[in-house]
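J.: No sequence on hand, only this structure:
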């Protein structure tokens, strides 16, 4: 991997602008900033492609378990891993490695602080008199009143899930100690181990390093092996728990989002959901025919509930014919005039022109099980009116929503069924989704590999020109490009204001830190070993470990009051930068 990356880095150096060749004046500095912004934006878009493409694979039932357990965590760490890799492949690898450790430390600490803080703010709900979050406030009440004081709000997570994720993070952090402990023992952890430059050397020449001890070198190899072991064990544990409630909850969220965005039709999702239910029943000896959907299934009802809530515009828990027509049109089904009225009459036994939720579930069940007998036309006749699809958010803007089950209160985005999916049968829709997913992940990964090396050069040059260590520049800027998609995803999950989605948000952030402790740190230690570099990152290592310990303590709590949790976690980010500076300049650690 290192040899391949080194060859790739040498090749890419001939394609991109060398930032060192830019004029050393104000104009050259502006050009350098423009290059940095352009590369960061490209990395941001490519990271989003990887994230979106991998989540699309969750729509493929046969792949959902392995994708959620292995593919999503690994691909999420690729941007940071690429920056770390290319930072140690250039001619001045020892110096540029500061960019890599800055990206590693900045990514880990940023993910554990800023997105967590924003998620706490977005997911907060009112607390009751006992200090417990109110996720079921009752009819006519909201989870968060506009006048609610921040002191009286908070969130709740599944304690067993978050505790397990926190333990994984803190255990995998041992790999840092494997290299840092021997570095201190070998007297390679302080700035006094850096010899002054020779008198004949130019002022800008880097100071030679004395502590290239063989002991530290082999400890880097041991740390790399430990990272590989932890990485394999973590993925194995994720696969083993692929059917855990939090994993299935995330798949459920992706399914709902895909339907609302028009990436796949409701019929496809429901049919494959029934296959899962049938397999589950078969495992306990209660096989269900594949063409028969159980309308009492919790999964089935949970999938339909958001659509019911968004189109029950007056909030009276009843849906009339106009609301049903609107919903069906937006999920890719077109009622056919009189046939639709006769179809609805089968469930509207009272003839009042509306159905309740249970009748609605029965109606959709029949539609999915017997589309040929439901007198519904496919949406192929609606190509000319695709632009008239109504936003899923409009009912919420115009009408208040009552509280209820936590599965109910999830907002969806504007839906518009792409023409390339609307006319396809379920099997072809899933095949198209698979091809689109592979294309997005492939292009995203390729672009990340192409632009990570020039991004490292820009960050290193920027640090030189403003006379600041490249570590600090990379610490702040690199995560904005490589981890923005995780920040946005965690915020979006938390904003749904349920215990389930808050657990998904926080567990994903802890999982990302675990991947940095294994995948990214493993690459870093491989560079130290194979390129015979010195470990000069004592201050950075201590800062990472300190923040992870603090976050681990917070992960042990079930209820997180907004202020008492948000402020300490938010302060960890600026404190970690100051702490590194303090250790380097006062404690004289390298």
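T.: Nice, I can see it. Fair warning: this is a prediction, and the values are worked out from it, not measured in the lab.
J.: could you point out which element follows the strand or helix carrying residue 446?
T.: Secondary-structure assignment from DSSP states H and E places residue 446 in helix 426-465. Per DSSP H and E, helix 426-465 leads on to helix 470-482 as the next helix or strand towards the C-terminus.
J.: in which helix or strand would I find residue 523?
T.: For residue 523, the element it lies in under DSSP H and E is helix 521-530.
J.: packing partners for that helix?
T.: helix 2-12, helix 72-87, helix 93-123, helix 174-185, helix 214-240 (3 or more CB pairs under 8 Å, 6 or more residues apart in numbering; DSSP states H and E). In this view, the C-beta of every residue, glycine as well, is placed from N, C-alpha and C.
J.: can we see that at 6 Å?
T.: In terms of contacts (3 or more CB pairs under 6 Å, 6 or more residues apart in numbering; DSSP states H and E), helix 521-530 is packed against helix 72-87, helix 214-240.
J.: So which of those is nearest residue 481?
T.: Closest to residue 481 of the helices and strands packed on helix 521-530 is helix 72-87 (CB to CB; 7.3 Å).
J.: just to revisit the earlier point, out of the helices and strands packed on helix 521-530, which is the most enclosed?
T.: helix 72-87 (a mean of 26; mean count of other CB atoms under 10 Å).
J.: quick one: average confidence on that helix?
T.: Regarding helix 72-87, the rounded mean pLDDT is 86.
J.: residues making contact with that helix?
T.: For helix 72-87, the surrounding residues in contact (CB atoms under 6 Å, 6 or more residues apart in numbering) are 5, 9, 47, 50, 54, 96-97, 99-100, 103-104, 107, 445, 448-449, 452-453, 456, 478, 482, 511, 515, 519-520, 523-524.
J.: ok, back up a step: take the helices and strands packed on helix 521-530 and lay them out in JSON lines including distance to residue 21.
T.: Converted to JSON lines, the helices and strands packed on helix 521-530 look like this (distance: least, CB to CB, whole Å):
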{"stretch": "helix 72-87", "distance to residue 21": "19"}
{"stretch": "helix 214-240", "distance to residue 21": "33"}
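J.: Can you say which of these is nearest to residue 23?
T.: Nearest of the helices and strands packed on helix 521-530 to residue 23, taken as CB to CB: helix 72-87 at 24.8 Å.
J.: if we can go back for a sec, buried subset of the contacts of helix 72-87 as a PyMOL selection?
T.: Buried members of the contacts of helix 72-87, defined by 16 or more other CB atoms under 10 Å, are picked up in PyMOL with:
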select buried, resi 5+9+47+50+54+96+97+99+100+103+104+107+445+448+449+452+453+456+478+482+511+515+519+520+523+524
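J.: so the next helix or strand after the helix holding residue 523 versus helix 470-482, what angle?
T.: The helix or strand immediately downstream of helix 521-530 is helix 538-555, counting by DSSP H and E. Angle, helix 538-555 to helix 470-482, by axes from the mean of the first three to the mean of the last three CA atoms, to 10 degrees: 40 degrees.
J.: C-terminal to helix 538-555, which secondary structure element comes first?
T.: strand 559-561.
J.: and that next one, which strands flank it?
T.: Using DSSP bridges, strand 559-561 pairs in its sheet with strand 153-156 (antiparallel).
J.: ok, and what's touching the partner strand?
T.: Strand 153-156 is contacted by residues 120, 123-124, 127, 133, 499, 502, 559-562 when judged by CB under 6 Å, 6+ apart.
J.: just the residues you listed now: which is nearest residue 441?
T.: residue 502 (27.5 Å).
J.: how many other residues sit next to that closest one?
T.: 30 (other CB atoms under 10 Å).
J.: where's it, which helix or strand?
T.: Applying DSSP H and E, one finds residue 502 within helix 499-515.
J.: Run the angle between that helix and helix 214-240 for me.
T.: Orientation check (the same axes, to 10 degrees): helix 499-515 against helix 214-240 gives 150 degrees.
J.: what helices or strands is helix 499-515 leaning on?
T.: Where contact means 3+ CB pairs under 6 Å, 6+ apart, helix 499-515 is packed against helix 72-87, helix 93-123, helix 159-172, helix 245-260, helix 484-494.
J.: orientation of it relative to helix 521-530 in degrees?
T.: 0 degrees.
J.: the inter-axis angle of helix 499-515 versus helix 72-87?
T.: Calculated by the same axes, to 10 degrees, helix 499-515 forms an angle of 30 degrees with helix 72-87.
J.: tell me the average confidence for helix 499-515?
T.: For helix 499-515, the mean per-residue pLDDT is 88.
J.: helix, strand or coil for residue 130?
T.: Secondary structure, DSSP: H, G, I helix; E, B strand; the rest coil: residue 130 is coil.
J.: Wait, residue 503 touches residue 160, no?
T.: No - here residue 503 lies out of contact with residue 160, judged by CB atoms under 6 Å, at a distance of 9.7 Å.
J.: Between the two, which is the more surrounded one?
T.: residue 503 (25 against 13).
J.: before we move on, the earlier item: nearest to residue 583, of the helices and strands packed on helix 499-515?
T.: Nearest to residue 583, of all the helices and strands packed on helix 499-515, is helix 93-123, at 12.4 Å by CB to CB.
J.: For the helix or strand following the closest one, which outside residues touch it?
T.: Downstream of helix 93-123, the next assigned helix or strand under DSSP H and E is strand 125-126. With CB under 6 Å, 6+ apart as the test, strand 125-126 has contacts from 133-134, 143-144, 148, 497.
J.: Many thanks, I have nothing further to ask.
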